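**Q** A structural model of the following input is requested.
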Amino acid sequence: MWIEPEEVLLAGALWVSERANPFFILQRRRGHGRGGGLSGLLVGTLDVVLDSSARVAPYRILLQTADSQIYWNIACGSSRKEITEHWDFLESNLLQTISIFDNDEDVITFVKGKISGIIAEENRLKRSEEQEENSGKFLEAELKMRKLFGMPEEEKLVNYYSCSYWKGRVPRQGWLYLSINHLCFYSFLLGKEVTLVVPWTEVTQLEKNATLVFPESVRVSTRNAEHFFSMFLNVNDTFKLMEQLANIAMRQLLDNEAFAADRSLPKACKTLKNVSALKRDFDARAKNERYRSMFRLTQDERLDGHTDCTLWTPFAKMHVVGQLFISNNYICFSSREEDLCQLIIPLREVTIVEKADSSSVLPCPVSISTKNKMNFLFANLKDRDFLVQRISDFLQRTPDGSWSDTNPLSLIGSSGSTSVDSVHKGRHYHGGLPTAQQGLLRLYQQDGPEDLGPKAMKERMKEEAWNIHFSEFGRGVCMYRTSRTRELVLNGIPERLRGELWLLFSGAQNEMASHPGYYGDLVEQAMGLCSLATEEIERDLHRSMPEHRAFQNETGIAALRRVLTAYAHRNPNIGYCQAMNIVTSVLLLYGTEEEAFWLLVALCERMLPDYYNTRVVGALVDQGVFEELTRAFLPPLYDHMQALGVITTISLSWFLTLFLSVMPFDSAVLLVDCFFYEGIKLIFQVALAVLHDNMDALLVCSDEGEAMTILGRYLDNVVNKQTVAPPTPHLHALLTSGDDPPPEIDVFDLIKASYEKFGSLRSDVIEQMRFKQRLKVIQSLEDTAKRSVVRAMMTELAFSIEELEELYCLFKSKHMTSCYWGSSSSAAQRHDPSLPYLEQYRIDPVQFAQLFSALSPWVCGSHTPTLSARLFRLLDQNQDGLVNFKEFSTGLSGMYHGDLTEKLKLLFKLHLPPALCAEEAESALEATHFFTEDKLQGEEPKDGGEDVEEKKEVKDYRYYLRMWAKEKEPKRETIKDLPRMNQEQFIELCKTLYNMFSEEPSEQQLYHAIATVASLLLRIGEVGKKFGNGAKKVEAPPPAPPGMEGPGEGTSTDAQVCQALADAQLEPPALLTSDEETKDDTSVSSFSVVSSSSLQCEDIADDTVLVSGEERRGSALDADWTITFEQVLASLLTEPALVEYFERKMDIQAKMAACKVQRAVERQISSASDHELSQHSS
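**A** Model (predicted):
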């Protein structure tokens, strides 16, 4: 590529000149290509170790003048072809022009200007944002990666690092390239080359560890190998990027969600050295994730920036040091000291933003006022003017009509203030919708008498404590959240405030406020729709807290139905999962339907990610995290529980329902209070506390059932002694309580113990453990899917278990490759996790052709793509342009393990519609139409007769059940069911057979056998045509279609054809008198001559046969000429060479091994020029 001219002082060092003229020199880097000796090896090694291989292309062109000792580098190239194109351009366009210049400085100025103009024009034409944003050094590294590893342009490099790869006990210094879909490593040391490519979708474990052998190393594990990398300059940065890329790959495996670059990312002020636009994108994603997780914000919230500051806290009368975060919809603050203070201010609530007077005590302050009359004072802001400008910009974009008429600059004041009138936009409710406008619990308690007992007084004291807290710290979304808030939550939220505070702490209130009327619209859209999710919802409605009276009538059931159906309509990827009904029923008790809906959204999409998808991946991930925590905190119990297999059994129901299904309702709802404030950390703490309390009893358990009973009875007796509501019977407790129930456990004591013993758990540590377990769980699910597919297919196919597993891996990798490198059909269409495992992954014709050419035992040379396309059409039964693994493996099994008849039957069907398309054989469709018409004509009276009979008698349900069962029975295809083959289809069959034997040892015998069989079948067709014409003259009705004649007729016809064939073989060709017969006989003999005299594959190539086909078309192909499969089979059986070929057992293992190494071969080919390849081979 052309580069901006740069000075080169030493033109000969490390370079070899290959071409030269008075003004330009073309040079090759030592150590690249042929020759070079020891100096070449040393230069190649230095280039790899010092990153010269990424920074310096192997070819370059220098500009020189006679009187100057300075050279100018004006072009570089990664291949000889590329640099030669530049050289030819210079010689043809510039050489003559600059030769007439008198001054060398003019030459240099002219050439530099010309090259700069070319580069500017190329950039203008490409208009690639990434090309503009990425530095030149990084672009060269990306080109180097593609060249070394054979990657297409769609594969984007994110970053690359210098490191050592441990191969055995020897470290190989080289470069680690991290792209969107692959981890790649390359090293070249003294002639020894190491190349490694690992797709992220195959990574099963990613760990950063430090040992004596591998200091500060990263271990990357796959199913088959472990790779160690060390000697990083910044191992933490590298590992974080690896984690992000592996997470994207796992998301791709889970729900086919591929990586999409963030186009809204603001451009960098300047091009950062060695940092790509994608790396900036990933860094921004990581910051956004932390920001959203910290403040429970929605997935579309993007952090704009953050800065250090102080916040004045009126309740503590002090300035709290922390960080201020600004995003498109929120201003947030978090104290440096954990739990000291946290604040969330939605921009929709802001009315005034002003710069207050600065002083030595309060430097650079900014005051923000909200609609609920709260005022927040931030100080010690480094760039106050810019911050206020950014806030005002975002305020103008907030979806509130008042801001659209306000000049953003008017929001910036010196000491005065600018007020913005707020216009309250009411939420849109649909009057016709029967939605519950208050919590179901309040609906059923309002008629009861007022309770004045000690428990009721305790509840009122709690309410009063919260009211005092609201007066000091504020109420609503702008409330100061402090350690005092946590104390109040742990003491139990009053029932009257529970719904409000759940909405506040979960972040659901913000989402509900920004989507007015959304729930009502969803309910309207989802009403009356039927799907698998709605069927499952209906089945589970009456199982949702049946012991609670709110769900013992239609009001509660209908509300639950609407919320679950609306969410299934909002998020079809989740739809509905068991346990959602239990959680949602509890949410409905304390909030309106709309509030319950948004709480469910917060749970499913943010607080419990992936918990409720089809494979409950999130719950399985947290189950793995819980096992790790048990091993860390309770090691003796962990070993015993693992032996019993209890942890995996108990924890799933605990996590999926937040203990609501295993604990009395009044107790479990307190855990939900804490969960909405603390997150998943609280559930882990309580689960560990439950195991700790029962450790002694569990250690003496002898089996899983005994351990389950102990834990079940313990949880059944966790009670809330402060509840004011009438006790709700716990069905599980009623079933498991024995004669001597265990002592009651106060839920407040359990929560307190969980904080005392396991309060050191941190959310960031849990997220790190989740990542590790997510890799393990998703890859384990993929292995389960593979085993399920193999079990389902092993009874139907003759492949071994190992062969089927290998085939599945190849098929899946082909699908995954198309997902990130693009294909003719979208990836989402080809992968549907809701389908059975056999049908989840599907490939299109292009991918099928690649697998077919690599794995098929029928090697047909240039005819292979045609045969592949026909097999694809034959296997694509639903004609959606995609083939699943079951169809693919069935087709391959027929070619590898079918007997002689099955292989020939498959070959025969490949040359009939639908496998043979109209473009390949023009008369094929006509013949099909002819047979179809005959079939329909023959069947119409029969169908009409049945209809008349059916009208006479009324069928009962048993008749229809029998008919349905009959339809479901697989119909085994016999050779009698195969349609006849016409003349042009037969020519295509012969063409395929001629192309199949080019690599066989007994090639000549096979060609001779095919010529003999083809000649014989042509004569049989002629005899059949002659017999058919004679039959038409005798019989008035139209002939019956193939396979429709009766048993007697079929037998007599076969006998007559055999007799006529015998007569035809005894009869010399000269006896044929009619013009039609003479013409056909000539074509037969000419075909036979071509077939038998030419035994070389190139002599009977596709064009030769096509000429024969065209001659036949020109001389009107016979519509009457047909042969049956039985005739083809009988004719082939007369040739031992063909029988031996089709009966030979083929081994697919070698083909699959070659297919696996094909990628490495492609990399070698793509990374070397022609003369380099020849040098390498010599």
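**Q** only C-alpha atoms from now on, for both contacts and neighbour counts.
**A** OK.
**Q** just give the nearest non-adjacent residue to S763, would you?
**A** K681 (6.4 Å; CA to CA, 6 or more residues apart in numbering).
**Q** what about that neighbour, how many residues nearby?
**A** Per other CA atoms under 10 Å, the neighbour tally for K681 reads 19.
**Q** surely it is within a strand?
**A** No: counting by DSSP: H, G, I helix; E, B strand; the rest coil, K681 is not part of a strand but helix.
**Q** for I557, see how far away R539 is.
**A** In this view, R539 and I557 are 12 Å apart by CA to CA, to the nearest Å.
**Q** which of those two has more residues huddled nearby?
**A** I557 (17 against 10).
**Q** so what's the more buried one up against?
**A** Taking CA atoms under 8 Å, 6 or more residues apart in numbering, we find I557 in contact with L541, H542, F551.
**Q** just among those residues, which is most surrounded?
**A** Most surrounded of those: other CA under 10 Å gives F551, at 22 neighbours.
**Q** quick one: contacts for that one?
**A** Applying CA under 8 Å, 6+ apart, we find F551 in contact with H542, S544, M545, I557.
**Q** quick one: which of those residues sit in helices?
**A** Counted as lying in helices by DSSP state H, out of those, are I557.
**Q** would you double-check that C76 falls in a helix?
**A** No: looking at C76 with three-state DSSP, it is strand, so not inside a helix.
**Q** can you tell me the closest non-neighbouring residue to it?
**A** R60 (4.1 Å).
**Q** you'd agree the residue nearest to S763 is up against S760?
**A** No: the pair K681 / S760 is not scored as a contact, 10.0 Å apart, by CA atoms under 8 Å.
**Q** hmm, back to that, which one of the contacts of I557 is nearest K752?
**A** F551 (31.9 Å; CA to CA).
**Q** do you know how far that closest one is from M545?
**A** On the measure of CA to CA, F551 and M545 end up 7 Å apart.
**Q** over to R442?
**A** R442 sits 17 Å away from M545 when distances are taken as CA to CA.
**Q** higher neighbour count, these two?
**A** Neighbour tally, R442 and M545, criterion other CA under 10 Å: the higher count belongs to M545, 22 against 15.
**Q** my guess is that one meets S585, correct?
**A** Yes: look at M545 against S585 with CA under 8 Å: they come within range, at 7.2 Å.
**Q** which stretches of the stretch 101-250 of the chain form strands?
**A** For the stretch 101-250 of the chain, the strands defined by DSSP state E, counting those that start in this stretch cover 157-167, 170-179, 182-189, 192-199, 203-209, 217-222, 226-230.
**Q** of the ones you listed, which is nearest R384?
**A** strand 157-167 (34.1 Å).
**Q** quick one: contacts of the closest one?
**A** Counting by CA under 8 Å, 6+ apart, 49, 51, 141-142, 145, 171-180, 185, 227-233, 238, 275-279 sit against strand 157-167.
**Q** same question for stretch 575-593.
**A** By CA under 8 Å, 6+ apart, stretch 575-593 touches 435-442, 495-496, 498-500, 533-534, 536-537, 540-541, 544-545, 550, 559-560, 563-564, 567-569, 596, 599-600, 612-614, 656-658, 660-661.
**Q** mind checking which of those residues are buried?
**A** Neighbour-count burial (16 or more other CA atoms under 10 Å) applied to those gives 435-436, 438-441, 495-496, 498-499, 533-534, 537, 540-541, 544-545, 550, 559-560, 563-564, 567-569, 596, 599-600, 612-614, 656-658, 660-661.
**Q** tell me which of those fall in strands.
**A** Of those, none are assigned to strands by DSSP state E.
**Q** would you check how far apart T866 and D844 are?
**A** On the measure of CA to CA, T866 and D844 end up 15 Å apart.
**Q** give me the more crowded residue out of these two.
**A** A direct count of neighbours by other CA under 10 Å for T866 and D844 places D844 higher, at 21 against 15.
**Q** could you verify my assumption that the more buried one touches G881?
**A** Yes: using CA under 8 Å, D844 makes contact with G881 at a distance of 6.1 Å.
**Q** dump the helix or strand that L395 is a member of to CSV, restricted to CA.
**A** Secondary structure from DSSP states H and E places L395 in helix 384-397. Written as CSV, here are the backbone C-alpha positions of helix 384-397 (Å, rounded to 0.1, in the frame of the first residue of the first chain):
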residue,chain,number,x,y,z
ARG,A,384,-16.7,22.5,35.7
ASP,A,385,-17.6,24.4,32.5
PHE,A,386,-17.3,21.3,30.3
LEU,A,387,-19.3,19.2,32.8
VAL,A,388,-22.2,21.7,32.9
GLN,A,389,-22.2,21.9,29.1
ARG,A,390,-22.4,18.1,28.8
ILE,A,391,-25.3,18.0,31.4
SER,A,392,-27.2,20.7,29.5
ASP,A,393,-26.7,18.9,26.2
PHE,A,394,-28.2,15.7,27.7
LEU,A,395,-31.0,17.7,29.3
GLN,A,396,-32.0,19.0,25.9
ARG,A,397,-32.3,15.4,24.6
